[in-house]
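Undergrad: What follows is a predicted protein model with its sequence.
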Amino acid sequence: MKLSLMKKLSLGFLSAVLGSIILASLISNYTVGKEFKKYLVDEHKTKVDNAIKIINELYSTEQDPSSISTQEIQRYAQLQELYIEVHDLNNNILYSSGNSYLQHSSMMGNMMGGMMNGFSGMNIGEYTENKYPLVANNKNIGTIVIGYFGASYLSSASVTFLRTLNHSFMLSAIAALFFGFIISAIISRQLSKPLVKITETANKMRTGDLEVRANINTSTKEIDELSNSINYLAETLNNQEMLRKRLTSDMAHELRTPLTTLKTHVEAFMDGIWEPTNERFETFYEEIERMTKMVDTLRNLAKLEQSNLNLTKSTINLSDELEKIIDTFKPLYIKKNYELSSSIAPGITAIIDKDKFKQIMNNLISNSYKYLKPNGQVHVVLEKEKQNIIIKVIDNGIGIPEKDLPYIFERFYRTDLSRNKNTGGSGIGLTITKAFVEAHGGKIYVESKVNEGTTFIVVLPNNATDNK
Ligand code: ADP
């Protein structure tokens, strides 16, 4: 059975409250009741002991027992509801408190009749009597009989006490249930309201509304995290959707340009406007070559994404390898009056795929070259840092707008700046570069500012066994 959060919480809360009150009342009934009874018994014993003390003291001071003033005993007996008799050694009654003031006087008639005959010190019904020696100046001079309604007296007090106790427990149970209900209602509302909102957001996303966000104000950490995750998911899906659309239009654009060129040229031939010269066929060839290259890259990219990359790793001297790559680029730079410099720490080795490493560096250095401005400069750095090998390609070129930075490694993504520059790029180089770096367990980052320049940072794990 599916219960709403509100019902579940309320039920849980209420049963917890009820359970704890029942448990608390059972435990306190048992412990308090026991202690209270013990207290009453102790108190009764003190009463009896006091009575005996008073009587003994009175009979010690006076010589003639018959002339003793028994008013004090009488007062004490009445105050404490005790039946007191004092006997001499021959069992003659020296004093009797009488029974008119005793509790349960209606029952007294029946009971006392029976018991007065033989002060046996035994329980007769609820009435109890005990005998104690009457001692004067360390001599036994008779007997003290003390009677009381023991059992009823004890139990009725403790029963009343426990009843009051249970009564207060019941009152607290009702109050606790009431507050428990209110608190559970408040808490479950606080929990369920944002959850309902998040569900609504997720449902809207399912139907294609990726602009929707769960705007939730909650102090519950987990719900806040859930809402952030849902918003992040919506953001990611939205970006993916945007990239997908952009990819289609970019691809159409990339294919359309060479096709249009070809079409207009062929039309011109057919209309006899243009002579099909060798030079013109060469332009054709170049355009077809460009398209073939693009289709090839696409195929490679598909392969790259389908399977795990097969790396042919060996220990290579990265410092030497990088110097060589830079040297191959130098003429290109000099031709355009650009500057290509480097700071390469010597003797850095790593176990990597040499070809893939070359491709990574070629892509990064040729990108920098493509997006330089007049008097452009590119600086390549290779260094070792604790567990990593760091390669930086720093340029002072056109830069990448901040809004494009998160997508720069996506397939076919090109900034408008680079489009305008007409570099003939296809937006695949960085996707491949990233895949190669990650296949080596590394990471690639980009930092850039428009018109100031771009820095690509490749971090490779320093895994070469012969590294110093
Ligand atoms: P492309 O073939 O277009 O260069 P890449 O995947 O190599 O494709 O790069 C994607 C886009 O990233 C480029 O079109 C360009 O907009 C931007 N980019 C890459 N490197 C740089 C750089 N060094 N300076 C400025 N923009 C760059």
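TA: Noted; the coordinates are in hand. From a predicted model like this one, the values you see are computed outputs, not experimental measurements. Numbers count the residues shown, from 1 in each chain.
Undergrad: ok, then the element right after the lowest-mean-pLDDT helix or strand in the chain?
TA: Across the helices and strands of the chain, mean confidence by mean pLDDT, DSSP states H and E is lowest for helix 105-117: a mean of 40. As assigned by DSSP states H and E, the chain's next helix or strand after helix 105-117 is strand 128-136.
Undergrad: which helices and strands does that next one pack with?
TA: Using 3 or more C-beta pairs under 8 Å, 6 or more residues apart in numbering; DSSP states H and E, the elements in contact with strand 128-136 are helix 5-61, strand 83-88, strand 139-148. Just so you know, the C-beta spots here come from the backbone N, C-alpha and C atoms, and that holds for glycine as well.
Undergrad: which residues pair with Thr128 across the strands?
TA: With DSSP bridges applied, Thr128 shows beta-bridge pairing to Tyr148.
Undergrad: Verify the contact between it and Gly147 for me.
TA: Yes. Using C-beta atoms under 8 Å, Thr128 makes contact with Gly147 at a distance of 6.8 Å.
Undergrad: out of those two, which sits in the busier spot?
TA: The residue with more neighbours, out of Thr128 and Gly147, is Gly147; 24 against 18, by other C-beta atoms under 10 Å.
Undergrad: Could you list which residues are in contact with the more buried one?
TA: The contact partners of Gly147, taken as C-beta atoms under 8 Å, 6 or more residues apart in numbering, are 82-84, 115, 127-130.
Undergrad: with those residues in mind, which one is nearest to the ligand?
TA: Thr128 (104.4 Å; C-beta to the nearest ligand atom).
Undergrad: since we're on the residue lying closest to Lys8 once chain neighbours are set aside, how many residues are nearby?
TA: Nearest in space to Lys8, with sequence neighbours left out and distances taken as C-beta to C-beta, 6 or more residues apart in numbering, is Ser188 at 7.9 Å. Ser188 has 19 neighbouring residues, counting by other C-beta under 10 Å.
Undergrad: Can you name the element that comes right after the helix or strand Ser188 falls within?
TA: Under DSSP H and E, the secondary-structure element containing Ser188 is helix 150-206. On the C-terminal side of helix 150-206, the closest following helix or strand by DSSP H and E is helix 221-270.
Undergrad: quick check: mean pLDDT across that following helix?
TA: Helix 221-270 carries an average pLDDT of 86.
Undergrad: what's that helix packed up against?
TA: helix 150-206, helix 278-306.
Undergrad: any chance of those helices in JSON lines, plus mean pLDDT and distance to Ser97?
TA: Shown next, in JSON lines, are the helices and strands packed on helix 221-270 (pLDDT from 0 to 100; distance: least, C-beta to C-beta, whole Å):
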{"stretch": "helix 150-206", "mean pLDDT": "82", "distance to Ser97": "16"}
{"stretch": "helix 278-306", "mean pLDDT": "81", "distance to Ser97": "109"}
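Undergrad: deepest of the ones you listed, which one?
TA: helix 150-206 (a mean of 15; mean count of other C-beta atoms under 10 Å).
Undergrad: mind checking how far that helix is from the chain centre?
TA: Distance, stretch centre to chain centre, for helix 150-206: 26 Å (C-alpha atoms, centre = their mean, to the nearest Å).
Undergrad: Ile389: which element?
TA: strand 388-395.
Undergrad: List the buried residues for that strand?
TA: 389-395 (16 or more other C-beta atoms under 10 Å).
Undergrad: Can you confirm whether that strand lies near the ligand?
TA: Yes. Residues of strand 388-395 are located near the ligand by C-beta under 6 Å from any ligand atom, namely Asp395.
Undergrad: For burial, what's the neighbour tally of Thr349?
TA: 21.
Undergrad: my guess is it contacts Leu318, does it?
TA: Yes. Here Thr349 reaches Leu318: they are 6.4 Å apart, a contact under C-beta under 8 Å.
Undergrad: What residues does the chain have near the ligand?
TA: Residues of the chain lying near the ligand (C-beta under 6 Å from any ligand atom): 363, 367-368, 370-371, 395, 397-400, 408, 413-415, 418, 425-431, 454.
Undergrad: Next up, the contacts around the nearest residue to Ile390 once chain neighbours are set aside.
TA: Residue nearest to Ile390 in three dimensions, not counting chain neighbours: Glu383, with 5.2 Å by C-beta to C-beta, 6+ apart. Residues in contact with Glu383 (C-beta under 8 Å, 6+ apart) are 343, 345, 348, 389-390.
Undergrad: Can I get stretch 228-239 in CSV, CA atoms only?
TA: What follows is stretch 228-239, C-alpha atoms only, in CSV (Å, rounded to 0.1, in the frame of the first residue of the first chain):
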residue,chain,number,x,y,z
ASN,A,228,19.9,21.2,-7.3
SER,A,229,20.5,17.9,-9.0
ILE,A,230,17.2,18.2,-10.9
ASN,A,231,18.1,21.7,-11.9
TYR,A,232,21.5,20.6,-13.0
LEU,A,233,20.0,17.8,-15.0
ALA,A,234,17.7,20.2,-16.7
GLU,A,235,20.6,22.5,-17.4
THR,A,236,22.7,19.7,-18.8
LEU,A,237,19.9,18.3,-21.0
ASN,A,238,19.1,21.8,-22.2
ASN,A,239,22.8,22.3,-23.2
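Undergrad: For that stretch, give me every contacting residue.
TA: By C-beta under 8 Å, 6+ apart, stretch 228-239 touches 198, 201-202, 205, 210-214, 406-407.
Undergrad: can you do 7 Å?
TA: 198, 201-202, 205, 210-214 (C-beta atoms under 7 Å, 6 or more residues apart in numbering).
Undergrad: so what are the domain limits for the protein?
TA: 5-176, 221-306, 313-464 (automatic domain parsing).
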